[in-house]
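K.L.:
With the input below, show me the fold.
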Amino acid sequence: MPEWAAFAGLTGLVLTAFLALARASQSTLTDRTTVVRPLDHRDPGVGESTETVPLEPLRESLTPGLLLVNVALTQGLFGAVVLGGVFYFTIPLAALGIPANPLAGRPVPLALGVALGVALWLGNELGTLAADAGGIEYDESLRDLLAPDTLRGWLVLLVAVLPLIAGVEELVFRAAFVGALSVGFGASPWGLAVVSSVAFALGHGAQGPAGIALTGLLGLALAAAFVLTESLLVVVVAHYLVNALELTVHEGLGVPKLS
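P.N.:
Coordinates of the predicted model:
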């Protein structure tokens, strides 16, 4: 018999740890990329003043390779804990959007995931353009840090790290929080979708105010897709494509943002 309450507690702990780690990472990036110093060009007679200036690029001490390893390890740990809870507390895989035969009928959810992923990426591009026009900060430093310097690095990123990120985040924020909790407690999946999207947005605070807002909308769209399709595969594929296109188009191919 499924132990829904225990699994809900585990999911809450993982979400809390996820958000705490994201907050710590955000503080580290902020502290190591900017510094406040006195203004040397202030007018005579004007009191002490300061300005914020960039430090040396963080790549000198934190290479893309090290960052990718760190991301893979932490995401892998979160995913392993949740999956362990699924089997230990005997949670039905169907509640997570995983069919009894995962290999059956894959073309349809794959196609839906691809279509959704491309659409969400285009929407994200337009959202970034609107944020720029409104003067709302969108911090792209983390994206720059994740971009590898070598072909092998890009292969590792696209074949291993980004699929892991998409799989774990969808497992935690959509499958476990929305799917399992709605089935186990009879709660509205739409209400859970809103809560999970807020948490998802807060977990991406390093991207600035615009990034938080856009990530929240992205999370809500993915949660809606999960509720409507009842398929974890659809949202994992879509999530992966959003991240992969964002990195390859702008960092790999050097295509500038819309302006």
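
K.L.:
Please identify which helix or strand holds Ala210.
P.N.:
helix 208-229 (DSSP states H and E).

K.L.:
Next, the angle helix 208-229 makes with the helix or strand following that helix.
P.N.:
Next helix or strand after helix 208-229 toward the C-terminus (DSSP H and E): helix 232-247. Helix 232-247 runs at 150 degrees relative to helix 208-229, counting by axes from the mean of the first three to the mean of the last three C-alpha atoms, to 10 degrees.

K.L.:
And the helices in the stretch 1-150 of the chain?
P.N.:
Assigned helices in the stretch 1-150 of the chain, in chain order: 4-33, 64-88, 107-133, 141-146 (criterion: DSSP state H, counting those that start in this stretch).

K.L.:
if we can go back for a sec, pull out the CA atoms of the helix holding Ala210 and give them to me as CSV.
P.N.:
Once non-C-alpha atoms are left out, helix 208-229 reads as follows in CSV (Å, rounded to 0.1, in the frame of the first residue of the first chain):
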residue,chain,number,x,y,z
GLY,A,208,17.5,37.9,-12.0
PRO,A,209,13.9,39.2,-11.7
ALA,A,210,13.1,38.6,-15.4
GLY,A,211,14.6,35.2,-15.2
ILE,A,212,12.5,34.3,-12.2
ALA,A,213,9.3,35.5,-13.9
LEU,A,214,10.0,33.7,-17.1
THR,A,215,11.0,30.5,-15.3
GLY,A,216,7.8,30.6,-13.3
LEU,A,217,5.8,30.9,-16.5
LEU,A,218,7.8,28.1,-18.0
GLY,A,219,7.2,25.9,-15.0
LEU,A,220,3.5,26.6,-15.1
ALA,A,221,3.4,25.7,-18.8
LEU,A,222,5.2,22.4,-18.1
ALA,A,223,3.0,21.6,-15.2
ALA,A,224,-0.1,22.2,-17.3
ALA,A,225,1.3,20.0,-20.0
PHE,A,226,2.0,17.3,-17.4
VAL,A,227,-1.6,17.5,-16.0
LEU,A,228,-3.2,17.4,-19.5
THR,A,229,-1.0,14.6,-20.9
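
K.L.:
thinking again about what came up before, can you tell me which of the helices of the stretch 1-150 of the chain is most buried?
P.N.:
helix 141-146 (a mean of 18; mean count of other C-beta atoms under 10 Å). Any C-beta I mention is one placed from the backbone N, CA and C, and that applies to glycine too.
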